[in-house]
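K.L.:
Test case, fold it:
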Amino acid sequence: MSFLLPKLTCKREVDQAIKSVAEKVLVLRFGRDNDAVCLQLDDILSKTAHDLSKMAVIYLVDVDKVPVYTQYFDISYIPSTVFFFNGQHMKVDYGSPDHTKFVGSFKTKQDFIDLIEVIYRGAMRGKLIVRSPIDPNNIPKYDLLYQGI
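P.N.:
Numbers count the residues shown, from 1 in each chain. Coordinates of the predicted model:
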């Protein structure tokens, strides 16, 4: 399903998307097109893209083609989903140690829709961090990997 969503293939395109998307949540899915979990997430993203078109813009970013952002956002696990609003990085409290990105695939389309709505409403109120509406049982668990410490 990754062929249904637009792709950003270089740093310049990612920079342009972050700067130009206004009054909508920018969703960047970092991953690989041939990874099974990425394909599962892409299916959810592509099915919800039209429903969320007034609130969000969704792009796919290949971790191998944009290593600058892969390193900047510390993408150790794929897929990882990062959110922006008006050029500002939006953080979400998932009840995990890392608030900067969502790691893994969403269990249901409704989980993703609910999260985008909460981020959008919070961002419109000027918040930079929001609490996740997703059931903690539906959030993938992982351990943080600190490299070079």
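
K.L.:
For the chain, which helix or strand comes out least confident on mean pLDDT?
P.N.:
Least confident element among the helices and strands of the chain, by mean pLDDT, DSSP states H and E: strand 102-103 (a mean of 88).

K.L.:
partner strands of that one, parallel or antiparallel?
P.N.:
With DSSP bridges as the test, strand 102-103 is paired with strand 80-85 (antiparallel).

K.L.:
So what touches the partner strand?
P.N.:
Outside strand 80-85, the residues that touch it by Cβ atoms under 8 Å, 6 or more residues apart in numbering are 18, 21, 24-31, 41, 73, 89-90, 92, 100-103, 119-120, 123. (C-beta placed from N, C-alpha, C; glycine too.)

K.L.:
With stretch 13-27 instead?
P.N.:
With Cβ under 8 Å, 6+ apart, stretch 13-27 has contacts from 8, 28, 45, 54-59, 61, 66, 69, 81-87, 90, 116, 119-120, 123.

K.L.:
Let me know the angle separating the helix or strand containing Ile119 from strand 80-85.
P.N.:
Take DSSP states H and E as the rule and Ile119 turns out to sit in helix 109-124. Inter-element angle recorded for helix 109-124 and strand 80-85: 30 degrees (by axes from the mean of the first three to the mean of the last three Cα atoms, to 10 degrees).
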